[in-house]
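Enquirer: Just need the structure, nothing else, for what follows:
(chains A and B)
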Amino acid sequence: MVTEAKPKTKRQIVTLTINGDEHVSLVKVNTTLLDLLREEFDYTGTKKGCELGDCGACTVLLDGEPVNSCLILAVEADGRSVTTIEGLEKNGKLDVVQEAFVNHGAIQCGYCSPGMILSSRALLNRNPSPTEREVRDAIAGNLCRCTGYVKIVEAVLAASAESKA
Amino acid sequence: MIVPEFDYLTPQTLNEACALLGEYGSRAKVLAGGSDLVVKMKNGLLKPDYIVSLKNLQDLKGIRYEAGTGVIIGARTTHNRVVENEILRERFPSVSAAAGTMAAYQVRNIGTIGGNLVNAVPSADMPPILIALSAKARIVGLSGERLVDLEEFFLGPGKTVLNQDEILAEIIIPDQATTGSSYIKFGLRRAGSLAVAGVASSVMMDGEMAEDVRIVLGAVAPTPLRAREAEAVLRGKKVSQELIEQAGKIAAAESKPITDIRGSAEYRRHLVDVLTRRTLKTAIEKGHV
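Expert: Residues are numbered from 1 along each chain as shown, chains lettered A, B, ... in the order given. Alright, predicted model coming up:
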């Protein structure tokens, strides 16, 4: 019996708007959005952790919604808009959530911080005045192995309060 | 981790997607959200030669209400959209709540309702509540479409009634004005955990009478399981604490749990008893209109 040869992985042109700028690349179709961001476009603020959608280190905003970029094929994100941690700073000024993380000691080793901050930013966008429970639910998919959750929750609540002030 | 290589196909219509699936048979896999498929591919559990992406099929997304039919959920709708949707929150809040128990926020933005059903994982959270509400699956294939009671949809772990050329297009929850329903999942953490056991109950009330009752157990059998004997305890009767307690015990006896890393069979049976009673109470309260 002649078995059919496995088809060759095709490459495809992917256009993404990353942090407001259009990026075009010819990618292998089995490339994840995470690898495209890090390896091709050098957005290394997006971290690679478990690679299975459990830890949240790779969280980016896709059309404004937090997703695990390790679970999304780059070709599936074609034509869409991505915000990475590098995109939160505006005119040399950190986002209020980033400021709060710095000021409240919410960063220890820092590996979870980009994902943690993007999840928190998305939470405040959809719910500017979250309760502590709502903050904890929003970051449930972001694991901090320094276990600095108390300071992180404080920082998000402080960012919420500051945004209203 | 590397996603094994494949050929990427992006049909523009449902018919085209069915044709590709029919042509490539078991060498093809459907990609909706990818929160299951991509993980399985990274782990080397699946190595499809072809991936048929549904990303261009916009009709499969969204939630709408049709008078006389009910609430219709497109299979590509993500869990967070089900959680937030106003139509569902008003008519079937238990379905929104069940979607909110899944995984974590980011994964709920990726994983789809259709994927949760088609993967047919015994611990999946959506099947029990949807079966309790008599939901139907609209399935489209090369020879046309068919409506299947979701209760008949699951054949075993990872196995459904879908033929190779068929795609789950929509889930339909029929109108049932006087029905109250509830799903409770017991997981080892509040987020990011699979159900150790999950129970959904729906009760159609007529005054103090339980006109109809459906109790569906998750994670305690190879497929979602209707606890028919427990249902019969309450059906057509005036509801009472005593009957609810009896139903809990019988549902536990009807469950067929296994012992695994998340819990022992004995513990799961106990959970079924407790969760059956709790979901029945909530469903009865909500069914009073």
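Enquirer: Could I get the contacting residues of the residue in chain A that chain B sits nearest to?
Expert: When scored by C-beta to the nearest C-beta, chain A has A:Gly141 as its residue closest to chain B, at 2.6 Å. Glycine gets a C-beta too; all of them are placed from N, C-alpha and C. A:Gly141 makes contact with A:Gly56, A:Thr59, A:Pro66, A:Asn68, A:Ser119, B:Ala103, B:Ala104, B:Tyr105, B:Gln106, B:Val107, B:Ala191, B:Gly192 under the criterion C-beta atoms under 8 Å, 6 or more residues apart in numbering or on different chains.
Enquirer: How about A:Asn103?
Expert: By C-beta under 8 Å, 6+ apart, the neighbours of A:Asn103 are A:Ala155, A:Ala158.
Enquirer: Quick check: it vs A:Val97, distance?
Expert: Going from A:Asn103 to A:Val97 by C-beta to C-beta, to the nearest Å gives 11 Å.
Enquirer: got any residues that touch both of these two?
Expert: In the contact map built from C-beta under 8 Å, 6+ apart, the residues linked to both A:Asn103 and A:Val97 are A:Ala155.
Enquirer: which SS class is the one residue in the stretch 151-289 of chain B that gets nearest to chain A?
Expert: Per C-beta to the nearest C-beta, the residue of the stretch 151-289 of chain B with the smallest distance to chain A is B:Ala191, at 3.4 Å. What DSSP: H, G, I helix; E, B strand; the rest coil gives for B:Ala191 is coil.
Enquirer: got a pLDDT number for it?
Expert: Here, the pLDDT recorded for B:Ala191 equals 90.
Enquirer: That one contacts A:Ala138, correct?
Expert: No - B:Ala191 is beyond contact range of A:Ala138, at 9.9 Å (criterion: C-beta atoms under 8 Å).
Enquirer: Looking at the two, which one has more neighbours?
Expert: Neighbours around B:Ala191 and A:Ala138, counted as other C-beta atoms under 10 Å in any protein chain shown, are more numerous at A:Ala138. The numbers are 25 against 19.
Enquirer: nearest residue to that one other than its sequence neighbours?
Expert: A:Leu123 (3.9 Å; C-beta to C-beta, 6 or more residues apart in numbering or on different chains).
Enquirer: hmm, back to that, which one of the contacts of A:Gly141 sits closest to B:Val95?
Expert: B:Ala103 (16.3 Å; C-beta to C-beta).
Enquirer: how would you label the closest one: helix, strand or coil?
Expert: Following three-state DSSP, B:Ala103 is assigned to coil.
Enquirer: Can you report how many residues lie near it?
Expert: Neighbours of B:Ala103 under the rule other C-beta under 10 Å: 23.
Enquirer: same deal with B:Pro128?
Expert: Neighbour count of B:Pro128, defined by other C-beta under 10 Å: 30.
Enquirer: show me the contacts for the residue in chain B positioned nearest to chain A.
Expert: The minimum distance from chain B to chain A, using C-beta to the nearest C-beta, falls at B:Ala104 (2.6 Å). Applying C-beta under 8 Å, 6+ apart, we find B:Ala104 in contact with A:Gly56, A:Ala140, A:Gly141, A:Asn142, B:Ala191, B:Gly192.
Enquirer: same thing but at 7 Å, please
Expert: Counting by C-beta atoms under 7 Å, 6 or more residues apart in numbering or on different chains, B:Ala104 touches A:Ala140, A:Gly141, B:Ala191, B:Gly192.
Enquirer: got the domain boundaries for the chain?
Expert: Answering for chain A, as no chain was given. Domain ranges of chain A: A:11-87, A:96-164, per automatic domain parsing.
Enquirer: that's the wrong chain, I meant chain B
Expert: The domain map for chain B lists B:7-53, B:60-174, B:179-287, with the assignment taken from automatic domain parsing.
Enquirer: Flag every residue of the stretch 101-250 of chain B that's near chain A.
Expert: Contact residues, the stretch 101-250 of chain B versus chain A (C-beta under 7 Å from any C-beta of the partner chain): B:Ala104, B:Tyr105, B:Gln106, B:Val107, B:Asn109, B:Ile110, B:Arg190, B:Ala191, B:Gly192.
Enquirer: Strands along chain A, start to end?
Expert: Using DSSP state E, the strands of chain A run over residues A:11-18, A:21-28, A:59-62, A:65-68, A:81-83.
Enquirer: low-scoring stretches of the chain, by residue?
Expert: You didn't pick a chain, so chain A it is. Along chain A, segments meeting pLDDT under 70 span A:1-9.
Enquirer: that answer is for a different chain, and I need it for chain B
Expert: By pLDDT under 70, the low-scoring segments of chain B are B:289.
Enquirer: where along the stretch 151-289 of chain B do the strands fall?
Expert: Applying DSSP state E, counting those that start in this stretch to the stretch 151-289 of chain B gives strands spanning B:154-156, B:159-160, B:167-174, B:179-187, B:195-206, B:209-218, B:225-226, B:237-238.
Enquirer: Also compute the angle for the longest one relative to strand B:179-187, please.
Expert: With axes from the mean of the first three to the mean of the last three C-alpha atoms, to 10 degrees applied, the angle from strand B:195-206 to strand B:179-187 works out at 170 degrees.
Enquirer: check contacts around residue 136.
Expert: Assuming you mean chain A. Per C-beta under 7 Å, 6+ apart, neighbours of A:Arg136: A:Val153.
Enquirer: Wait, chain B was what I had in mind.
Expert: By C-beta under 7 Å, 6+ apart, the contact list for B:Lys136 reads B:Leu147, B:Val148, B:Asp149, B:Leu150, B:Ile172.
Enquirer: Could you do B:Glu229 as well?
Expert: If you count contacts by C-beta under 7 Å, 6+ apart, B:Glu229 has them with B:Ile250, B:Glu254.
Enquirer: Next one: it relative to B:Ala247, how far apart?
Expert: For B:Glu229, the distance to B:Ala247 equals 9 Å [C-beta to C-beta].
Enquirer: Next: B:Thr160.
Expert: For B:Thr160, the distance to B:Ala247 equals 29 Å [C-beta to C-beta].
Enquirer: In terms of neighbours, single out the busier of the two.
Expert: Counted by other C-beta under 10 Å, B:Thr160 and B:Ala247 do not tie: B:Ala247 has more neighbours, with 27 against 21.
Enquirer: re the thing from before, and the strands of the stretch 151-289 of chain B: which comes nearest B:Val3?
Expert: Taking C-beta to C-beta, strand B:167-174 is the member of the strands of the stretch 151-289 of chain B nearest to B:Val3, at 22.1 Å.
Enquirer: Just want the angle from that closest one to strand B:179-187.
Expert: Computed by the same axes, to 10 degrees, the angle between strand B:167-174 and strand B:179-187 is 130 degrees.
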